[in-house]
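Asker: The following block contains a protein sequence and its predicted model.
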Amino acid sequence: MKRLERGQTVMFHKPYPPQGNPVAFYLGRLTRKGVLRRRSFPAHTEFRLKEGQKLTHGIRGVI
């Protein structure tokens, strides 16, 4: 998650495991709240902070 805090892109490869990917699910929720930008591709999904956005609290979890 330090990469996200620095403004770098975090990538998750598809398909997700059968039990799901809780970190990707959590980042998807942050995307719906407007904190992150999500780009979905056939082989992976990318998450990145929106332009001008800063994190005031750490993001839960470690990658």
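Answerer: Perfect, I can see it now.
Asker: From residue 47, how far out is the most far-flung residue of the chain relative to its centre?
Answerer: For the chain, the largest distance from the centre (Cα atoms, centre = their mean) belongs to residue 18, which lies 19.1 Å off. Counting by Cβ to Cβ, to the nearest Å, the separation of residue 18 from residue 47 is 22 Å. C-beta: built from backbone N, CA, C; applies to glycine.
Asker: Same question for residue 10.
Answerer: 5 Å.
Asker: One more: residue 32?
Answerer: 12 Å.
Asker: With residue 31 instead?
Answerer: 7 Å.
Asker: ok, back up a step: any shared contact partners between residue 10 and residue 47?
Answerer: Taking Cβ atoms under 8 Å, 6 or more residues apart in numbering as the contact rule, residue 10 and residue 47 both touch 4, 27.
Asker: And the two? Which one has more around it.
Answerer: A direct count of neighbours by other Cβ atoms under 10 Å for residue 10 and residue 47 places residue 47 higher, at 23 against 19.
Asker: So the more buried one is in contact with residue 9, correct?
Answerer: Yes - using Cβ atoms under 8 Å, residue 47 is in contact with residue 9, at 7.1 Å.
Asker: Chain neighbours aside, what residue packs nearest to residue 50?
Answerer: Closest residue in space to residue 50, ignoring its immediate chain neighbours: residue 37 at 5.1 Å, by Cβ to Cβ, 6 or more residues apart in numbering.
Asker: I am finished for the moment; much appreciated.
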